[in-house]
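Peer 1: Predicted coordinates and the sequence they were generated for:
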Amino acid sequence: MHRMENVEDKGEQEEMRKAADEMLQDVLLNLPQRNHKNVQYIMNKLFKRENGWTSTGEFIYHGTTIKGSHMID
């Protein structure tokens, strides 16, 4: 479903896919049913080929890491 080809390590890609799928499930569980389609659309756009996350949680947009974009606990 999600492609993150700009991550070098295949194991890291799989780990990121799993985390993204878990995140989507968490989001969907906490939103009303009427919002699910919109959330899925947005998540699919975020996980396009050139987008993803680094191992430190920074967002990669069109192959460029956006510094300081990681979420803070």
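Peer 2: Sure, I can see it. Small disclaimer: the values here were computed from a predicted structure and weren't measured.

Peer 1: Could you pull out the helices in the chain for me?
Peer 2: 10-29, 36-46 (DSSP state H).

Peer 1: Out of those helices, which gets the lowest mean score?
Peer 2: Note on those: helix 10-29 shows the lowest mean pLDDT, a mean of 77.

Peer 1: That one vs helix 36-46, what angle?
Peer 2: Helix 10-29 runs at 160 degrees relative to helix 36-46, counting by axes from the mean of the first three to the mean of the last three CA atoms, to 10 degrees.

Peer 1: With mean neighbour count and distance to residue 71 added, can I get the helices of the chain in TSV?
Peer 2: Every C-beta, even on glycine, is put in place using the N, C-alpha and C of the backbone. Below are the helices of the chain laid out as TSV (neighbours: other CB atoms under 10 Å; distance: least, CB to CB, whole Å):
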stretch	mean neighbour count	distance to residue 71
helix 10-29	13	10
helix 36-46	12	13
